[in-house]
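Undergrad: here are the coordinates; sequence isn't available:
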């Protein structure tokens with residue numbers, strides 16, 4: 001099981017700072033999502049600043065906009081899912 005986000009904070013220029021349960025922490029640049037599709041909503045009513053961890057553990061802004069914390073975690077670690085899986089010796093059965 002990957003670490004879970006424990007804290008998230010909005011920063012300037014569509015970046016977020018995230019802390020995870022294993023001590024991993026850092027800044028993620030989300031500018032590539034801004035002004036595209038559903039993420040256009042970030043500019044309305046200062047929504048980007050409302051980032052939080054929702055009840056399901058996702059990094060979210062509202063009930064319609066969230067991002068997967070596992071992807072954020074892997075990006076902060078600088079590894080792929082395959083590398084993480086190998087390091088943690090997790091054997092997933094093909095479905």
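TA: Arrived safely. From a predicted model like this one, the values you see are computed outputs, not experimental measurements. Residues are numbered from 1 along each chain as shown.
Undergrad: And for stretch 26-36, what's in contact with it?
TA: With contacts defined as C-beta atoms under 8 Å, 6 or more residues apart in numbering, stretch 26-36 is touched by 11, 13-18, 39, 42-43, 67, 72, 75-76. Placement of C-beta: from N, CA and C, glycine included.
Undergrad: Just those: which are in helices?
TA: 72, 75, 76 (DSSP state H).
Undergrad: Quick one: the strands in the protein, in order.
TA: With DSSP state E, the ranges of strands along the chain come out as 5-11, 15-20, 25-29, 52-53, 59-60, 66-67.
Undergrad: Most tightly packed of the ones you listed?
TA: Using mean count of other C-beta atoms under 10 Å, the stretch among the strands of the chain with the greatest mean number of neighbours is strand 59-60 (a mean of 20).
Undergrad: Show me the shaky parts of this structure.
TA: Along the chain, the parts satisfying pLDDT under 70 run over 90-95.
Undergrad: thinking again about what came up before, now the two most distant members of the contacts of stretch 26-36.
TA: Across the contacts of stretch 26-36, no pair lies farther apart than 43 and 76, at 25.3 Å, counting by C-beta to C-beta.
Undergrad: What's the PyMOL line that selects buried ones from the ones in helices among the contacts of stretch 26-36?
TA: In PyMOL, this line selects whichever of the ones in helices among the contacts of stretch 26-36 come out buried by 16 or more other C-beta atoms under 10 Å:
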select buried, resi 72+76
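Undergrad: can you put the ones in helices among the contacts of stretch 26-36 in TSV and add distance to residue 1?
TA: Output for the ones in helices among the contacts of stretch 26-36, formatted as TSV (distance: C-beta to C-beta, whole Å):
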residue	distance to residue 1
72	15
75	18
76	16
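Undergrad: now, which of the ones in helices among the contacts of stretch 26-36 sits nearest residue 49?
TA: Minimum distance to residue 49 across the ones in helices among the contacts of stretch 26-36 is 17.7 Å, recorded for residue 72 (C-beta to C-beta).
Undergrad: Endpoint to endpoint, stretch 52-67 covers what distance?
TA: 11 Å (C-alpha to C-alpha, to the nearest Å).
Undergrad: Next: stretch 77-86.
TA: Terminal residues of stretch 77-86 lie 14 Å apart, using C-alpha to C-alpha.
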